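Q: Below are the sequence and a predicted model; questions follow.
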Amino acid sequence: LRVRCVAADLGCQEGLRRAGAALREELQDPSFGRLLLVNNAGSLGDVSKSFLDLTDLEEINSYFSFNISSALCLTSAALRAFGARPGCGRTVVNISSLCALQPFPSWALYCSGKAARDMLFRVLALEEPELRVLSYAPG
């Protein structure tokens, strides 16, 4: 087991680039026999705001960029870097939530973000049948 921590702000382009580059560099090692990627980074956001308070497009885009787009980009980077190595297992875990299925007042961004991530990883599972894709809702 090898663990490498990379400090990166996944909510901005430079941080995402940095994390992606570290993934690509690390996963070039052909001795790895298994890939386990856990997508756990995310944010609840400002739950003091109701649906009607969400009018700032930059705030909304920033939330979805961090909570959805970064998971998509990093997962794609990891799977491309690792490749389909014969005899090697690949597993991607999406940390989900009951909020992906059930709405809660003032949680419009979080609920829709979790629902979008769930569907994103369902599409990945369909497109890559040899890949093990799990969505886990701890609550």
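A: Looks like it arrived, so ask away. The shown structure was predicted, so the numbers you read here are calculated from the model rather than taken from an experiment.
Q: Give me the distance between the residue sitting furthest away from the middle of the chain and Pro105.
A: Outermost residue of the chain with respect to the C-alpha centroid, by Cα atoms, centre = their mean, is Leu52; its distance is 27.0 Å. Remark: distance between Leu52 and Pro105 (Cβ to Cβ, to the nearest Å) = 12 Å. Placement of C-beta: from N, CA and C, glycine included.
Q: Glu127 too?
A: The gap separating Glu127 from Pro105 is 35 Å, by Cβ to Cβ.
Q: what does Gly33 give?
A: Following Cβ to Cβ, the distance that separates Gly33 from Pro105 is 47 Å.
Q: can you map out the helices along the protein?
A: Taking DSSP state H to define them, one finds helices in the chain at 13-26, 57-64, 70-82, 108-127.
Q: The longest one vs helix 70-82, what angle?
A: Looking back up the chat, that one is helix 108-127. 30 degrees (axes from the mean of the first three to the mean of the last three Cα atoms, to 10 degrees).
Q: Buried residues, helix 108-127. List them.
A: Going by neighbour count (16 or more other Cβ atoms under 10 Å), the buried part of helix 108-127 is 108-118, 120-121, 124.
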